[in-house]
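Q: sequence first, then the predicted structure:
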Protein chains: 2
Amino acid sequence: MSLRERKKLAAWRAIQSAALRLFEERGFEAVSVEEIAAAADVSRSTFFNYFAGKEAVVFDQDPEERDQWRAIMAARPADEPLWDALTAILIGFNERLRDRTLTQRRLRARSPALAQSSLNQSSWALVGEQFLADLRAWAASRTPEGDAMATALQINLADTAQNTAYQTWPADESFDDYLQRLKTCLHQARPDIASPPTSATDS
Amino acid sequence: MSLRERKKLAAWRAIQSAALRLFEERGFEAVSVEEIAAAADVSRSTFFNYFAGKEAVVFDQDPEERDQWRAIMAARPADEPLWDALTAILIGFNERLRDRTLTQRRLRARSPALAQSSLNQSSWALVGEQFLADLRAWAASRTPEGDAMATALQINLADTAQNTAYQTWPADESFDDYLQRLKTCLHQARPDIASPPTSATDS
DNA sequence: GTGCAGACTTGCACGCCGTCCAAGTTCCCA
DNA sequence: TGGGAACTTGGACGGCGTGCAAGTCTGCAC
């Protein structure tokens, strides 16, 4: 790993940890990008070299972890049903990212107090666009042929199950309760691929 | 209907139609709120009195239509399974809002040319937060008791089915093809409420 | 080592969004 | 007819995200 790469990773982590610290202290909207950059000893411009926006700093994964997750996805057997793979990946993801999840939850609980709108509006999920993009790329690479829709649907459903579990997680429940919710949602959201649309031609 | 209410409705429609016209001419990002306000003969401040933001002008429904939709939702029999009601509502919604849907699709197709990011990032759906809020309120009012999660899940799943149909709708397919996609997605996304989680304790 | 090419950082300026507020105008109603 | 409520307006502000040109640092080849 070259010096350049090490520096880059260090900068990424400096920015992210500074940002999360400030967010926890003051809430998401009350911290500006300038302050994050200053706290990370970096210019505002550099911040945008590393993150696509202020929200990305909450959702993007550490580059090393991200590679690991891509490997985990790639390691799934090719003949495994997509939904089973998605379920396993998401549950594993949540189990291993316990701390990250709890941090996000604390942020989410604190931020509405400062400004209801801007956070709820972007309807905070857990995984972020980056992880979803990786998931989609992985799924596309193992999708046989013309049924892109079924694949897209399953990924979106899995994401929705995850979001629902997260959104309905009450403040007084533990992380393990949340995992239980997640499993329930994933189980109930399993799509019904096989059965034909009963009398699809009416109306 | 008082003069005040009529004026208000007229202003709403003036702003929305001016905005949609400009969006179609130049693309979403290339039009500023100032220009919309000017085209509607209204101040920038007034624009924000009517719409929560620039995107809302694409998604929010005409107040009169909105009332109609709330009535349609309220008219569903109370003992109908939630999923059946959601399916019927969404299909009806899409069938009746053919023009709106086609307009949105044209906007969506044109905008990436100008700036890939800002539209795709907010991952354009069709229904918008307002309609979803109405749906949630309606569903909450007919949800028996403690199982708020199952209700939230079903609404989110239905929304996801709709979004998937919309996202995967290719440029060369007709609106009726889209409706067919929608029905397929809704059918496949039907949640599996009954069955118990088969051996939920292993990881 | 030296020097060069490319990668990365920095400061600065810009346009725009969304919020706030204080002052003005219009409508409803008693 | 008057007073109060609803609505509009302009102006100012902070903040986000982008673009660019100039500077600095790293890897590499000689």
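A: Received it, and whenever you're ready, just let me know what you need.

Q: show me what contacts the residue nearest to the spatial centre of chain A?
A: With distances taken as Cα atoms, centre = their mean, residue A:127 lies nearest the centre of chain A, 0.7 Å away. Counting by Cβ atoms under 8 Å, 6 or more residues apart in numbering or on different chains, residue A:127 touches A:59, A:93, A:159, A:162. Glycine gets a C-beta too; all of them are placed from N, C-alpha and C.

Q: I'd like the next helix or strand past the helix or strand where the second one lies.
A: Element membership for residue A:93 (DSSP states H and E) is helix A:82-96. Later in the chain than helix A:82-96, the nearest helix or strand by DSSP H and E is helix A:98-114.

Q: contact partners of that next one?
A: A:20, A:23-24, A:27-30, A:58, A:94, A:119-120, A:124, A:126, A:166, A:169, A:171, A:175, A:178.

Q: what is the orientation angle of it with helix A:82-96?
A: On the basis of axes from the mean of the first three to the mean of the last three Cα atoms, to 10 degrees, helix A:98-114 is oriented at 80 degrees to helix A:82-96.

Q: backbone dihedrals for the residue nearest to the centre of chain A, please?
A: phi -90, psi -30 (degrees, to the nearest 10).

Q: what's the neighbour count on residue A:83?
A: Neighbour count for residue A:83, taken as other Cβ atoms under 10 Å in any protein chain shown: 17.

Q: swap that for residue A:80, please
A: Neighbour tally, residue A:80, other Cβ under 10 Å: 12.

Q: over to residue A:187?
A: 17.

Q: is it in contact with residue B:191, as I believe?
A: No. Shown here, residue A:187 and residue B:191 do not form a contact pair, counting by Cβ atoms under 8 Å, at 9.3 Å.

Q: narrow the contacts of helix A:98-114 to those in helices?
A: Secondary structure from DSSP state H places A:20, A:23-24, A:58, A:94, A:119-120, A:166, A:175, A:178 of these in helices.

Q: ok, which of those also contact DNA strand D?
A: The subset of those within reach of DNA strand D, by Cβ under 7 Å from any atom of the strand, is empty.

Q: for those residues, which one is nearest residue B:64?
A: Residue B:64 has its nearest neighbour among those in residue A:120, at 27.0 Å by Cβ to Cβ.

Q: flag every residue of chain A that's near DNA strand C.
A: A:4, A:7-8, A:11, A:41-46, A:49-50, A:117-118.

Q: need those in CSV (columns: neighbour count).
A: CSV is the format used below for these (neighbours: other Cβ atoms under 10 Å in any protein chain shown):
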residue, neighbour count
A:4, 8
A:7, 10
A:8, 15
A:11, 17
A:41, 11
A:42, 17
A:43, 12
A:44, 13
A:45, 8
A:46, 14
A:49, 12
A:50, 19
A:117, 11
A:118, 13
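
Q: farthest pair within these?
A: The span of the residues of chain A next to DNA strand C, defined through Cβ to Cβ, is set by A:4 and A:117 at 40.7 Å.

Q: just checking, residue A:11 touches residue A:43?
A: No. Using Cβ under 8 Å as the test, residue A:11 is too far from residue A:43 to be in contact (10.9 Å).

Q: I am finished for the moment; much appreciated.
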